[in-house]
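>>> Task: produce atomic coordinates for the following.
(2 chains)
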Amino acid sequence: MEELILSLKQQLIDALYLEDMTPEQIDNDAPLFGDGLGLDSIDALELIVILDKNYGIKLSSPEQGKEIFTSIHSIAEYISRNRTK
Amino acid sequence: MSGIISVTGMGVICAIGNDSQAVLHSLLNRKSGIGKMRHLHTVHDDLPVGEVCLSTEEMKDILGITGDAPLCRTSAMGAIAVKEALRQAKIHPAGKRVALISGTTVGVMDIAEESNSPHGNQCGKSTEEIAEYAGLKNAECCTVCTACSSALNAIMLGSDLLMRGEADIAIVGGSEPLTRFHLNGFNSLMILDRERCRPFDDTRAGLNLGEGAAFLVLQKDVENALAYIEGYANCCDAFHQTATSPNGDGAFYAMTGALRTAGLKASDIKYVNAHGTATPDNDASETAAFKRVFGDAIPEISSTKSYTGHTTSASGAIETVICILSMRNNFIPASIGWNNAMPDGIIPSSGVSGVNSDHIMCNAFGFGGNDSSLIIGKYPPASCSIPYEDKFPVKRVSTITIDSEERLGELKEFMSPMESRRLCKMMKACLLSAFLAMKEAGISRPDAIISATGGGMLEMSALFLDDIFTNAEEHLRPTIFMQSTHNTVGSAIAISTGCHGYNITYSQGQDSTTWAMRDARKLISTGEARTVLLCSFEETVRDGKTDSFKAECSIFSNENI
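Here you go, the predicted model:
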């Protein structure tokens, strides 16, 4: 799980252009959207691309993403339960 | 009758017909043109679309074009619609000053994507080809790129040119074919429904893309016309590149602005052809705006995208033709595909016949919040309150050019790293020159924003196109697509300054900036705006990356500021 979390953080930094951040600066349990990290709807779509491309998980709508993308921890848990690659 | 804009001809080609009569027939018979893809080649061929029932080869035959050179579908559909409009108007362009104004964002991308080379996507080229194929070789060409409101803005620009005496005949509209480029772009934004679209329905899950073209012939002071242009407004939601504001600010400003210029009350409008794309976002936001404009007395509203699909840049003209057809044939087209009311939603029209509509409103809203609204009338209007006369002097207050990478770091002064993180170099250069030009002029927000570019966002277009080829149309990045359209710069400046005013992007090769300048001067001299920000930009690309770029922003103002 630790390995998955670290890899996920690095993917977020790359795909969402969080160039000034390091994985350590992203809290595992802090909210990613709104008041937390401050991500927006385009970031949610980019996260859906990561899930599909790297873990073989297909989401059918951005709505579905909202429940999964609450924190790094929640994404990692969802991936470990549902990954097909 | 003086100072009236008359519609003397119209032509249309879309999924429900290759001319106006065929489109009328489909609307009256509630026959949708959305169905299985036949002409576009893509791995996403399971998506329903509103395709024109002609191959590009068949269009070539209709237009009498010979030779083996590939024909751009934008140009072909555009020429077919222009020719129909010219036949109806029975005009003789010889010796007259003719302006051909087309709205398109895809431009010649259908040809460019065949060879994976976006460098050739000069939107203006398609308009020049339309002029050539339609026999208008001496027409002055202009191309407007404001995404899905492009064609409606082309109609407004043509009306302005006629009122100001800068043209005798304006042929205005738009053309947009289906391409893999924007189909994949919309797919990356997850706004395409795999079923038929359901505008204003609680179960709506996105739009179906469509294609087509429509053009109107506009002339000044012609009696017994098909319809009259009564009022219009171009505003900006200034909220987000791809999302709409929850309370529909941009849509509200566009609709109320159109009513104001037409000198009409909301209750005078009998029918609204909504933008109504059937995305969860648009329909919620447009509904909120309808309630703000019309209160409890909501007029008949329908979205004819349930017939044509969303024809993006062409939609404003196709739907204006539909409005004129419904006005002249005394009916209101039914919104099809609707069954379930949205909470607090509107109930779209189930179709009305034998109805007399003197004033009809047509909405077209584009990505980046480029929102426009047009009102057409059955009878010549008594007056139009859009200012046309030059009253104020025009002064260029400041000009800033950014063309070196070293300077891009200065953007930190104006935007947080979180706000600027996704921006490509071209976008950063444009925003930086805009902020610096405003700073020098001593303003924090212009009244209007005008952009000009021949080639547009080349790096982002090249990247997205390359991803389409490399990844077989899978895993495409929305961040790249949303920065690939010509109007993305004008929208980004509006979003960062909170500017809800007039917002337009011109693309006509070398003449792009000349058109933009002409518009900026008009806005200032007529008093429509006190300050205008004009942003010209171009970039070159090598090996898929920005090689050189230049962004130049100027602030224009009248001296009395």
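>>> how about the residues of chain A that lie near chain B?
A:15-20, A:38, A:40-42, A:45-46, A:48-49, A:52-53, A:61-62 (Cβ under 8 Å from any Cβ of the partner chain). The C-beta positions use only the backbone N, C-alpha and C, and glycine is treated the same way.
>>> In contact with residue B:102, which residues?
When contacts are counted by Cβ atoms under 8 Å, 6 or more residues apart in numbering or on different chains, residue B:102 touches B:78, B:126-127, B:130, B:141-144, B:151, B:154, B:172-175, B:215.
>>> And it, how far from residue B:471?
Per Cβ to Cβ, to the nearest Å, residue B:102 is found 32 Å from residue B:471.
>>> Equivalent analysis for residue B:539, please.
In terms of Cβ to Cβ, residue B:539 sits 24 Å off from residue B:471.
>>> what's the answer for residue B:364, then?
Residue B:364 is 32 Å from residue B:471, by Cβ to Cβ.
>>> Which residue of those two possesses the greater neighbour count?
Each of residue B:364 and residue B:471 has its neighbours counted (other Cβ atoms under 10 Å in any protein chain shown); residue B:364 has more, 34 against 13.
>>> And the pLDDT for that one?
On pLDDT, residue B:364 comes in at 98.
>>> Enumerate every residue touching it.
B:148, B:149, B:151, B:152, B:275, B:315, B:316, B:319, B:371, B:372, B:373, B:374.
>>> how about those in TSV, adding distance to residue B:484, neighbour count and pLDDT?
As requested, those are arranged in TSV below (distance: Cβ to Cβ, whole Å; neighbours: other Cβ atoms under 10 Å in any protein chain shown; pLDDT from 0 to 100):
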residue	distance to residue B:484	neighbour count	pLDDT
B:148	15	30	97
B:149	17	37	98
B:151	20	36	98
B:152	22	35	98
B:275	22	32	98
B:315	19	35	98
B:316	21	35	98
B:319	25	29	98
B:371	20	36	98
B:372	21	34	98
B:373	26	33	98
B:374	27	31	98
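>>> So which of those are in helices?
B:151, B:152, B:315, B:316, B:319 (DSSP state H).
>>> OK, contacts around the third one?
The neighbourhood of residue B:315, defined by Cβ under 8 Å, 6+ apart, consists of B:148, B:151, B:174, B:176, B:210, B:275, B:305, B:308, B:364.
>>> Buried residues, stretch B:475-487. List them.
B:476, B:477, B:478, B:479, B:480, B:481, B:482, B:483, B:484, B:485, B:486, B:487 (16 or more other Cβ atoms under 10 Å in any protein chain shown).
>>> Name the nearest of these relative to chain A.
residue B:478 (4.5 Å; Cβ to the nearest Cβ).
>>> And the helices in chain A?
A:2-15, A:41-55, A:62-68, A:72-82.
>>> Confidence-wise, which of those helices is weakest overall?
For the helices of chain A, where the average pLDDT is lowest is helix A:62-68, sitting at a mean of 88.
>>> Can you give me the neighbour number for residue 67?
In the absence of a named chain, this looks at chain A. Neighbours around residue A:67, by other Cβ under 10 Å: 9.
>>> hmm, I had chain B in mind actually
With other Cβ under 10 Å as criterion, residue B:67 counts 7.
>>> Using the three-state scheme, assign it.
Of the three states, residue B:67 takes coil under DSSP: H, G, I helix; E, B strand; the rest coil.
>>> Please report phi then psi for it.
phi 100, psi 160 (degrees, to the nearest 10).
>>> ok, it to residue B:112 distance?
19 Å.
>>> about what we covered before: out of the ones in helices among the contacts of residue B:364, who's nearest residue B:329?
Closest approach between those and residue B:329, by Cβ to Cβ: residue B:319, at 15.4 Å.
>>> Just give the closest residue to that closest one, not the sequence neighbours.
residue B:273 (4.8 Å; Cβ to Cβ, 6 or more residues apart in numbering or on different chains).
>>> so what's the residue of the stretch 251-400 of chain B found nearest chain A up against?
At 8.2 Å from chain A, residue B:280 is the closest residue in the stretch 251-400 of chain B, using Cβ to the nearest Cβ. Contacts for residue B:280 (Cβ under 8 Å, 6+ apart) come out as B:204, B:205, B:206.
>>> what subset of those residues is also close to chain A?
residue B:205.
>>> Would you tell me which one of the contacts of residue B:280 comes nearest to chain A?
Nearest to chain A among the contacts of residue B:280, with distances taken as Cβ to the nearest Cβ, is residue B:205, at 7.1 Å.
>>> The nearest residue to that closest one once chain neighbours are set aside: neighbour count?
Excluding the flanking residues, the one nearest residue B:205 by Cβ to Cβ, 6+ apart is residue B:193, at 4.6 Å. Residue B:193 is flanked by 20 other residues according to other Cβ under 10 Å.
>>> if I look at residue B:193, how far off is chain A?
Residue B:193 sits 10 Å away from chain A, going by Cβ to the nearest Cβ, to the nearest Å.
>>> for that residue, phi and psi?
According to degrees, to the nearest 10, residue B:193 has phi -80, psi 140.
>>> Could you tell me which residues of the stretch 151-300 of chain B lie near chain A?
B:188, B:189, B:190, B:205, B:240, B:241, B:242, B:243.
>>> Name the member of those with the most neighbours.
Neighbour tally across these (other Cβ under 10 Å): the maximum, 26 neighbours, falls on residue B:188.
>>> So it is in contact with residue B:478, correct?
Yes: Residue B:188 is within contact range of residue B:478, at 4.4 Å (criterion: Cβ atoms under 8 Å).
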